[in-house]
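Trainee: the following block contains a protein sequence and its predicted model.
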Amino acid sequence: MKKLSERKKLIIYKVLLFVFAFAVAFLPATASRNLEVNSRVVVEMLGVDGSDGGVEVTAQYVMPTETDGATTKDKVTVEGKTLTEAVELLNTALGRRAELGQCSVVVVGSSLDPSVLGTLLTATDVTADVYLTAATEKAKDLVGDMTDFMKKSGATDADFIAYSAKKAHIATVTLLNFLSDLDSASGTAFVPVVEMLESDRGGGQEGEESKNGGGGSGSAGGGGGSSGSGEQSGMKVEKLALYGKTGRTAVLEAESARGVAWVSAPIEKGIVTADVEYGGDTVEAVSARLIKKCSEITADAKNGKATVRLKATLEPNGDKFNLLDSKGEDASKAIKSAFADKIRGEIEKAFSDARAVKSDPLFIGRTFYRYAPAYF
């Protein structure tokens, strides 16, 4: 019995020793990790502007609140001689390390030198697959407006990206693709332009203009907030900013931007409308939804011509399409012809508008460089 009692004591000692060893090994590390988390701030959106003093960086960040599991969004702006210096000043302004690895959107201002974006990729923790968007004027103002809208509506950066990347008929681009396109033979890159929509409570003229895309730069104006008296009601992505090696060269309007998307972007689920001529009448705004599309550019090395081919699959979207389609084969042919003309017109508009500013967002020059260098 005495030997059995000693054996029990030995087992108890071993258990206590194990618990002590576990506490020594893991609890300090856990506390250290908690301190490390509390010393960081997650940046979800980054705005980058050129300035007289160098680079201006605006960060939308999230911080934990006193409520368990809850966070709040806020923003801060700093200015440095270089991007690297500005990011370091961002850490100082926040009083914590700015965690850029989870940044999902980078907003670029109209005056930004695109070479700064190369530094963003090589000298910070921002990942290569982060999406780029462009402000009409200052990125600082757009980040502020988007932050205010997201706080009010509950929308997130991820929601915005998921929709814009595939569902909207707009050519989106990641940081890596932007830099790759800019360094290609075409020497052109594009970034979708984001504008804020405003609704005027009193139903005044300014609210109506903003709703219809009027009023120029929308709410991305000076002063860091809404440029109008209305409330932000959403975000509009219809235009496309074109960039060359020296900076922004032009902004394509909606029709031309759609033309670029047909050729140069993996769009799907977007809505297409066309006026259909049938039986001597015009059925306006017949709507269809894009299911899939594929495009190809070929260069003829003998005569120096390039051909853009596009195959798009559309499905009916609304009663007008279904009613016409039910009228027989001739009506179906009229529908196909109308949508083909509409798509062709958007692509041609994109080509002519970009050519006028010596840009190549369809990357036709890249095809000549590869397959018909004599005409490049």
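Mentor: Done, it's in.
Trainee: now stretch 356-366: how far from the chain's centre is it?
Mentor: Distance, stretch centre to chain centre, for stretch 356-366: 21 Å (C-alpha atoms, centre = their mean, to the nearest Å).
Trainee: ok, residues contacting that stretch?
Mentor: Contact with stretch 356-366 is made by 171, 181, 184-190, 240, 242, 244, 249-250, 252, 260, 263-264, 297, 299, 306, 308, 347, 350-351, 354, 376, as judged by C-beta atoms under 8 Å, 6 or more residues apart in numbering. C-beta coordinates here come from the backbone N, C-alpha and C atoms, glycine included.
Trainee: ok, 7 Å please
Mentor: 184-186, 188, 190, 242, 244, 249-250, 260, 263-264, 297, 306, 308, 350-351, 354, 376 (C-beta atoms under 7 Å, 6 or more residues apart in numbering).
Trainee: mind listing what's buried along that stretch?
Mentor: 359-366 (16 or more other C-beta atoms under 10 Å).
Trainee: can you put these in CSV and add distance to Glu284?
Mentor: Listed next are the buried residues of stretch 356-366 as CSV, based on distance: C-beta to C-beta, whole Å:
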residue, distance to Glu284
Ser359, 32
Asp360, 34
Pro361, 29
Leu362, 29
Phe363, 34
Ile364, 33
Gly365, 37
Arg366, 38
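Trainee: which residue ranges of the stretch 251-376 of the chain form helices?
Mentor: Using DSSP state H, counting those that start in this stretch, the helices of the stretch 251-376 of the chain run over 254-264, 319-325, 329-356, 364-371.
Trainee: CA atoms only: put the second one into CSV for me.
Mentor: The reference is to helix 319-325. This file holds the C-alpha atoms of helix 319-325, laid out as CSV (Å, rounded to 0.1, in the frame of the first residue of the first chain):
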residue,chain,number,x,y,z
ASP,A,319,-39.8,41.3,-71.4
LYS,A,320,-38.7,43.3,-74.5
PHE,A,321,-36.1,40.7,-75.5
ASN,A,322,-38.4,37.7,-74.9
LEU,A,323,-41.3,39.3,-76.7
LEU,A,324,-39.2,40.1,-79.8
ASP,A,325,-37.5,36.7,-79.8
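Trainee: pull out the buried positions in that helix.
Mentor: 320-321, 324.
Trainee: tell me the mean pLDDT for that helix?
Mentor: What helix 319-325 shows for mean pLDDT is 92.
Trainee: that helix: how far from the chain's middle?
Mentor: Its chain's C-alpha centre and that of helix 319-325 lie 34 Å apart, by C-alpha atoms, centre = their mean.
Trainee: same question, stretch 86-95
Mentor: In terms of C-alpha atoms, centre = their mean, the centre of stretch 86-95 is found 24 Å from the chain centre.
Trainee: show residues contacting that stretch.
Mentor: Stretch 86-95 is contacted by residues 41, 55, 57, 59, 61, 76, 78-80, 97-98, 124 when judged by C-beta under 7 Å, 6+ apart.
Trainee: out of these, which is most surrounded?
Mentor: Val57 (30 neighbours; other C-beta atoms under 10 Å).
Trainee: could you say which helix or strand contains Val143?
Mentor: With secondary structure defined by DSSP states H and E, Val143 is part of helix 139-153.
Trainee: who does that helix touch, helix- and strand-wise?
Mentor: Judged by 3 or more C-beta pairs under 7 Å, 6 or more residues apart in numbering; DSSP states H and E, the packing partners of helix 139-153 are strand 40-51, strand 54-64, strand 71-80, strand 105-108, strand 189-199, strand 231-244.
Trainee: quick one: buried residues of that helix?
Mentor: In helix 139-153, counting by 16+ other C-beta under 10 Å, buried: 139-150.
Trainee: can you check stretch 112-123 too?
Mentor: By neighbour count with 16+ other C-beta under 10 Å, stretch 112-123 contains the buried residues 112-114, 116-121.
Trainee: so for that stretch, mean pLDDT?
Mentor: pLDDT averaged over stretch 112-123 gives 90.
Trainee: so which residues make contact with it?
Mentor: Contacts for stretch 112-123 (C-beta under 7 Å, 6+ apart): 48-50, 55, 83-84, 106, 126, 128, 175, 178-179, 182, 243, 245, 247.
Trainee: 8 Å instead?
Mentor: 48-50, 55, 82-84, 87, 106, 108, 126, 128, 132, 139, 175-176, 178-179, 182, 189, 243, 245-248.
Trainee: next, the distance between the ends of stretch 296-314.
Mentor: End-to-end distance of stretch 296-314 (C-alpha to C-alpha, to the nearest Å): 18 Å.
Trainee: please compute how far that stretch lies from its chain's middle.
Mentor: Using C-alpha atoms, centre = their mean, the offset of stretch 296-314 from its chain centre is 28 Å.
Trainee: shift numbering so it begins at 806
Mentor: Got it, the first residue is 806 from now on, which makes the last one we talked about stretch 1101-1119.
Trainee: what mean pLDDT does that stretch get?
Mentor: For stretch 1101-1119, mean pLDDT is 93.
Trainee: related to what we said a few turns ago, quick one: the helix holding Val948 to strand 1036-1049, angle?
Mentor: 140 degrees (axes from the mean of the first three to the mean of the last three C-alpha atoms, to 10 degrees).
Trainee: with just CA atoms, put helix 944-958 into PDB.
Mentor: C-alpha atoms of helix 944-958 as PDB (Å, rounded to 0.1, in the frame of the first residue of the first chain):
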ATOM      1  CA  ALA A 944      -7.300  59.900 -54.200                       C
ATOM      2  CA  LYS A 945      -7.400  61.400 -50.700                       C
ATOM      3  CA  ASP A 946     -11.000  62.800 -51.300                       C
ATOM      4  CA  LEU A 947     -12.300  59.600 -52.800                       C
ATOM      5  CA  VAL A 948     -10.900  57.400 -50.000                       C
ATOM      6  CA  GLY A 949     -12.600  59.700 -47.500                       C
ATOM      7  CA  ASP A 950     -15.900  59.600 -49.400                       C
ATOM      8  CA  MET A 951     -15.800  55.800 -49.800                       C
ATOM      9  CA  THR A 952     -14.900  55.300 -46.100                       C
ATOM     10  CA  ASP A 953     -17.900  57.500 -45.000                       C
ATOM     11  CA  PHE A 954     -20.200  55.600 -47.400                       C
ATOM     12  CA  MET A 955     -19.100  52.200 -46.200                       C
ATOM     13  CA  LYS A 956     -19.500  53.200 -42.600                       C
ATOM     14  CA  LYS A 957     -23.000  54.300 -43.300                       C
ATOM     15  CA  SER A 958     -24.100  51.500 -45.600                       C
END
